[in-house]
Each structure stands twice: as structure tokens, then as C-alpha cells.
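Participant: My questions are about this predicted structure, shown below with the sequence.
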Amino acid sequence: MNPNPTEPVSENSIIIIVGTNRKDSMSRHIADYYHTILQELGSQSSILDLSGLPPDFVTTALYENTGKNPEFNRYKEVVERAKKMVFIVPEYNNSYPGVLKAFIDGMSYPSGLSNKKVALVGLSANHQGGALALSHLNDIFSYLGTNTLALRVKLAQIRNYWKEGALHNDLYNLLLQQQAQQLIEF
């Protein structure tokens, strides 16, 4: 479970992207959990944790500075080489985190996310499970030509069900298992 994009990633590996740069986030815990599910299903995966992004990447790696930040470029290359990804997306202000939008904006356009296969997992402290965040993100992916798996898992009231490194909700576990299997077969 590697947040370091400098290590080689297998071409068939599914990349699990932690959609926030918050340190020790619930999203990271869910990413680790999803990684375990994929392992149990016999699939290789790696974790790309946005908390490791350079803190100044918005000014040093985007727009006129595209390609100039080697640390950001390593993250970008992992995503652009990947064929399949899972985005673990926390709800921030009724949408997804700005750092994730800026990260997506740093991908090559128009091909950086085109024809990739992605699954979306939303999480929130409220009753919606990040539904609006996933909807907003899906709109962006649709525009970029990214193929999004139909089953979007929404983990509402996540802190009530996350105990001692495990998710204690039978429905959530079933949905994550189903989604992971569908992504493998996608």
C-alpha cells in the first residue's frame, strides 16, 4: 500500500486514489480497506495518496508550469499509465475536494483520463454518502471521456461504521465487494 508514486506500478494494477490531501484521512483508511478487498479478489492494486502531492503544485505544475514539477509529474505519470482506477472521494462542502479538481486539471488534456475505467466511492459524515460529490466528479469524467462504472458506492455516516480498521456495515461491505469485482471485469 504505497502512497509513493515513484515505485513501479504494474500495467494491470488498479490504482486507488485517495481524493484528499488531508493527512491520516478517513479516505486513506477506506483506500487501504479497498486495497485489501482487491487483494482478496486476486487483483493487484496500488494506492496513490494525494496527501503526498507537493503543497505548491497548483502554482508549480499547472498552466504555464506544466511539466516543470518533477514530484507532481510522478503522480501524473502513474495516473496516465493506469488503465483502471478507484477514486475514494470524501464530501467537502457538498462536492469533492478542490485538491482533487486541481489534480485532475494537471492531467494531460484531452488524453490524460480519456478511455480510463474508473470506479467511484464516496464517503461523508452525513446521510448522503457523498452523492453530490460523486455526481460532480462523474460529470467531469464524462466530459474527459473517462468510463465510469455504474455502481457508485456511497458510504454515509462513515465514522459510525469504521471501527478498529474495519467497516462494520454488511451492506457497505457487500457493495464494495461487488464494485471491486465489477471493476476487475470492466
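Facilitator: Good, I have the coordinates. Predicted model, so just to flag it, every value in this text is computed and none were measured.
Participant: CA atoms for contacts and neighbours, from now on please.
Facilitator: Fine.
Participant: Dead centre of this protein: give me the residue that sits there.
Facilitator: The chain has F87 as the residue nearest its centroid, 2.1 Å off, counting by CA atoms, centre = their mean.
Participant: Please work out which residues outside the helix or strand hosting it touch it.
Facilitator: Assigned by DSSP states H and E, F87 belongs to strand 84-90. Residues external to strand 84-90 that are found in contact with it (CA atoms under 8 Å, 6 or more residues apart in numbering): 13-20, 27-28, 30-31, 96-97, 116-124, 130, 133-134, 183.
Participant: I'd like to know how many residues surround Y109.
Facilitator: Neighbour count for Y109, taken as other CA atoms under 10 Å: 11.
Participant: wait, is it part of a strand?
Facilitator: No: according to DSSP: H, G, I helix; E, B strand; the rest coil, the state of Y109 is coil, so it is not within a strand.
Participant: close enough to count as contact, S13 and S43?
Facilitator: Yes: S13 lies in contact with S43 (CA atoms under 8 Å); the separation is 7.2 Å.
Participant: Touching the following helix or strand past the strand holding F87 from outside, list them.
Facilitator: The element immediately downstream of strand 84-90 (helix or strand, assigned by DSSP H and E) is helix 98-105. The contact list for helix 98-105, computed with CA under 8 Å, 6+ apart, reads 19-21, 50, 58, 62.
Participant: nearest to N73, of those?
Facilitator: Using CA to CA, L62 comes nearest to N73 of the contacts of helix 98-105, at 10.5 Å.
Participant: separation between the residue lying closest to the closest one once chain neighbours are set aside and E64?
Facilitator: In space, and not counting its chain neighbours, L62 is closest to G106: 5.6 Å by CA to CA, 6 or more residues apart in numbering. Summarising the geometry, the distance separating G106 from E64, computed by CA to CA, to the nearest Å, is 11 Å.
Participant: which of the two has more neighbours?
Facilitator: The residue with more neighbours, out of G106 and E64, is G106; 22 against 9, by other CA under 10 Å.
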